[in-house]
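**Q** Generate a structure from the sequence data that follows.
(one chain, ligands or ions: 1)
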Amino acid sequence: MSGAPGVPADAGEFAPGLERILRRMRSPSDAMIAVGPGWYRLLVELDARLESLDPGYRIIRPVDERYGVVSYEVESVIGITGTLDDVVTAFELKSATVCERCGGPGQLLSHGHGGWLKTICPDCARGTGYRPEPAR
Ligand SMILES: [Zn+2]
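**A** This next block holds a predicted model:
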């Protein structure tokens, strides 16, 4: 069974959960999950948590990565967007400790001085040029 539109090809066991997330997109053209497979579990957990607060909540832009952490923007349909935002913020912080590629313990690394940020583990970082920010 190959997935619904927008479900990443490598979704594996998380495909049903990611499909639920995609169905929440306010605009069908935003139905995209553009993060590495290491974060799929985190996204499914986040969706479950938000759903428990507001079962009809919606996502207002594609799910992607910004500054090395997950970017997930939501609106409540019952007037608790602020509460949902707090939950999302906690997961954004959590994503800075989870390797976006493999789901192992990761850390925020940068590519070159002041360059791109990415949360990855030492194994996945090998050979990519990503390294810890120099100590200040
Ligand atoms: Zn990794």
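**Q** R26 and L18: what is the separation?
**A** Distance of R26 to L18, given as Cβ to Cβ, to the nearest Å: 17 Å. C-beta here means a position set from N, CA and C on the backbone, and glycine is covered the same way.
**Q** which of these two has more neighbours?
**A** Between R26 and L18, counting by other Cβ atoms under 10 Å, L18 is the more crowded of the two (22 against 13).
**Q** Now do the helix or strand that one falls within: which elements does it pack against?
**A** Assessed by DSSP states H and E, L18 sits inside helix 15-22. Where contact means 3 or more Cβ pairs under 8 Å, 6 or more residues apart in numbering; DSSP states H and E, helix 15-22 is packed against strand 33-34, helix 40-53.
**Q** Which neighbouring elements make contact with the shortest one?
**A** Strand 33-34 sits against helix 15-22, strand 63-66, with contacts defined as 3+ Cβ pairs under 8 Å, 6+ apart.
**Q** Now do M1, the pLDDT please.
**A** pLDDT for M1: 47.
**Q** Where does E92 sit, in terms of helix or strand?
**A** Element membership for E92, per DSSP H and E: helix 81-95.
**Q** buried sites along that helix?
**A** T81, L84, V87, V88, F91, E92, S95 (16 or more other Cβ atoms under 10 Å).
**Q** One more: stretch 20-33?
**A** By neighbour count on 16+ other Cβ under 10 Å, the buried set for stretch 20-33 is I21, L22, R24, M25, D30, A31, M32, I33.
**Q** What lies in contact with the helix holding E92?
**A** 39, 42, 45-46, 49-50, 53-54, 57, 69-76, 119 (Cβ atoms under 8 Å, 6 or more residues apart in numbering).
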